[in-house]
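*Asks:* Sharing a model that was predicted from the sequence below.
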Amino acid sequence: MTPEKLKTSLPKWKLVDGVKLTRTIHFKDFVEAFSFLTTIAFEAEKMGHHPEMLSGYNRVEFTLTTHDAKGLTHLDEDMAHIIDAHAAKVVA
């Protein structure tokens, strides 16, 4: 994924070293953050593509990469869109 495509397709994500996408999402509290994390965990399981997910009190940080490909694939882009769609429902 090129930086230009990222800006238009996934503007809330950052490209790291050309091989990872990252995004941190902030929530109003722990319960909202953990609920979101759980929702994405079920989506990831359905896809068979599991992001790194780090959670703090009111935030979740996602890192997407395809380890087998040693970089980004359509699975990472698809997962980023799924995360964004769910975030749009709960994050103001």
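*Replies:* Structure's in. What do you need?

*Asks:* Tell me the spacing between Lys7 and Ser55.
*Replies:* 27 Å (C-beta to C-beta, to the nearest Å). (C-beta placed from N, C-alpha, C; glycine too.)

*Asks:* what do you get for Asp78?
*Replies:* 22 Å.

*Asks:* How about Ala85?
*Replies:* 20 Å.

*Asks:* more crowded one of the two?
*Replies:* Ser55 (14 against 10; other C-beta atoms under 10 Å).

*Asks:* Pretty sure that one sits against Phe34.
*Replies:* Yes - the pair Ser55 and Phe34 passes the contact test of C-beta atoms under 8 Å, sitting 6.8 Å apart.

*Asks:* tell me the mean pLDDT for stretch 29-45?
*Replies:* Stretch 29-45 carries an average pLDDT of 96.

*Asks:* then that stretch to PDB, C-alphas only?
*Replies:* The C-alpha trace of stretch 29-45 is given here as PDB (Å, rounded to 0.1, in the frame of the first residue of the first chain):
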ATOM      1  CA  ASP A  29     -13.900   4.500  29.300                       C
ATOM      2  CA  PHE A  30     -12.500   1.000  29.900                       C
ATOM      3  CA  VAL A  31     -15.800  -0.800  29.300                       C
ATOM      4  CA  GLU A  32     -16.200   0.800  25.900                       C
ATOM      5  CA  ALA A  33     -12.600   0.100  24.900                       C
ATOM      6  CA  PHE A  34     -12.800  -3.500  26.000                       C
ATOM      7  CA  SER A  35     -16.200  -4.000  24.300                       C
ATOM      8  CA  PHE A  36     -14.700  -2.700  21.000                       C
ATOM      9  CA  LEU A  37     -11.600  -4.900  21.400                       C
ATOM     10  CA  THR A  38     -13.900  -7.900  21.800                       C
ATOM     11  CA  THR A  39     -16.000  -7.000  18.800                       C
ATOM     12  CA  ILE A  40     -12.800  -6.800  16.600                       C
ATOM     13  CA  ALA A  41     -11.500 -10.100  18.100                       C
ATOM     14  CA  PHE A  42     -14.700 -11.800  16.800                       C
ATOM     15  CA  GLU A  43     -14.300 -10.200  13.400                       C
ATOM     16  CA  ALA A  44     -10.600 -11.200  13.200                       C
ATOM     17  CA  GLU A  45     -11.500 -14.800  14.000                       C
END
